[in-house]
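Asker: Next input, structure requested:
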Amino acid sequence: MKHLLGPDNTFLSLNDFCCKYEIDPHPLSFYGLILATKSLQTVSCIFSRFIEHQLRIWATYNKSFSSQKSNIENWLVTGVFKTPESSQKKWLEDCRLPVNDNINWTAAYLLAKECTKSTKLIEFQFKFLHRHVPTNKFSFRIGLQGNENCSFCHTSSESLIRIHLFWSCHQTSHFWNRVTEWLKNINLLPRDYTLIKITALGLRPYIFQFTLLINHGFLLAWYHIWPAKTKEDHPNLMHFITTLKSQYEIGIKSGDTN
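Answerer: Numbering: from 1, shown residues only. All right, here's what the predicted structure looks like:
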């Protein structure tokens, strides 16, 4: 740009330009170049003023950031990561446990991550514990389902209330009995062991011998119930065992010794 300016920082005329550089450009080309340069100069000035304004804003923000940092942290902790008290209370009611029951919710939320690397299982457990699993009752209420009947027994309402789909339906109950008996037959559970719903559903993990193996098996068992529902099938012990063995082989190959 400086080559087009005279001593007083104004643009050279065509004659002055020809005398200074001893060239004879076409007048239209010369004035087109001058016009483009003026436009560029205007944009450059505007952009420079914008940058200066933005820097002043950033400087002001940086001065106040330290005083606001604690407020931001408090908002993140109390707002975004608020304890899901509503879902926890509903689980206590559905499992018919007293409000002061000592369920270790941290252990329940972390159970899947401790037992498996399967992102599908971890994600499903998160949705399940936060009661975000769409049952037929919910689908019927929003108009996506013709009725709210259970996908297995077709008589009772399918909902998370009283945990019908995952526990109290006679089809599901039969499946849990067969899973428990199979684990006893392969000597992973003691013969006198009685499975309760809060352990089967991961709310109170199994804490005795073969802890991770048993809890992983229970997690896979109630996860197996969900695709059976979506495929309009029934929970099947042999299909579950096949899935369990497949998950175990994948874990071995990936180095997951749990």
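Asker: okay, now residue 112: neighbour count?
Answerer: The tally of other residues near residue 112 (other CB atoms under 10 Å) stands at 25. (Glycine included, C-beta is placed from N, CA and C.)
Asker: which residues touch it?
Answerer: 118, 121-122, 125-126, 202, 219 (CB atoms under 8 Å, 6 or more residues apart in numbering).
Asker: wait, isn't residue 147 in contact with residue 136?
Answerer: Yes: at 7.2 Å, residue 147 counts as touching residue 136 under the criterion of CB atoms under 8 Å.
Asker: between the two, which one's more packed in?
Answerer: Set residue 147 next to residue 136 and count neighbours by other CB under 10 Å: residue 136 wins out with 21 against 12.
Asker: Does the more buried one touch residue 145 like I think?
Answerer: Yes: with contacts counted by CB under 8 Å, residue 136 reaches residue 145, the gap being 5.3 Å.
Asker: Overlap of the contact sets of those two?
Answerer: The contact sets of residue 136 and residue 145 do not overlap (CB under 8 Å, 6+ apart).
Asker: Tell me where the model's unsure across the protein.
Answerer: Within the chain, the stretches with pLDDT under 70 are 1-4, 17, 21-22, 26, 28-34, 36-82, 99, 250-258.
Asker: ok, now with 50
Answerer: Under the criterion pLDDT under 50, the flagged ranges of the chain are 47, 51, 55, 58, 76.
Asker: quick check: domain ranges of it?
Answerer: Here the domain parsing of the chain from automatic domain parsing is 2-79, 87-253.
Asker: what about the helices in the chain?
Answerer: Along the chain, the stretches classed as helices by DSSP state H are 14-21, 27-75, 85-94, 105-115, 119-129, 136-141, 170-185, 197-200, 211-230, 237-253.
Asker: Next, work out how far apart the closest residue to residue 197 other than its chain neighbours and residue 222 are.
Answerer: Excluding its sequence neighbours, the residue lying closest to residue 197 (CB to CB, 6 or more residues apart in numbering) is residue 167, at 4.8 Å. Note on residue 167: its distance to residue 222, by CB to CB, to the nearest Å, is 8 Å.
Asker: More neighbours: the two, which one.
Answerer: residue 222 (24 against 19).
Asker: Please tell me I have it right and that one contacts residue 202.
Answerer: Yes: counting by CB under 8 Å, residue 222 touches residue 202, with 7.5 Å between them.
Asker: Please identify every residue contacting each of these two.
Answerer: The contact sets of residue 222 and residue 202 overlap at residue 128 (CB under 8 Å, 6+ apart).
Asker: Backbone dihedrals for the closest residue to residue 153 other than its chain neighbours, please?
Answerer: Closest residue in space to residue 153, ignoring its immediate chain neighbours: residue 169 at 5.2 Å, by CB to CB, 6+ apart. With angles defined as degrees, to the nearest 10, residue 169 sits at phi -60, psi 140.
Asker: tally of neighbours for residue 169?
Answerer: Quick note: residue 169 (other CB under 10 Å) scores 24 neighbours.
Asker: In contact with it, which residues?
Answerer: 150, 152-153, 156.
Asker: quick one: it and residue 111, what's the gap?
Answerer: The gap separating residue 169 from residue 111 is 23 Å, by CB to CB.
Asker: Need the nearest residue in space to residue 239, chain neighbours excluded.
Answerer: Take residue 239 and drop its neighbours on the chain: the residue closest to it by CB to CB, 6+ apart is residue 224, 7.0 Å away.
Asker: The one you found touches residue 246, doesn't it?
Answerer: No: counting by CB under 8 Å, residue 224 stays clear of residue 246, with 11.7 Å between them.
Asker: Compare the two (neighbour count), which wins?
Answerer: Neighbour count, other CB under 10 Å: between residue 224 and residue 246, residue 224 has more, with 19 against 11.
Asker: farthest pair in the contacts of residue 112?
Answerer: Farthest pair in these (CB to CB) is 118 and 202. Separation: 13.9 Å.
Asker: In space, not sequence, find me the middle residue of the chain.
Answerer: Centroid check for the chain by CA atoms, centre = their mean gives residue 123 as the closest residue, at 7.3 Å.
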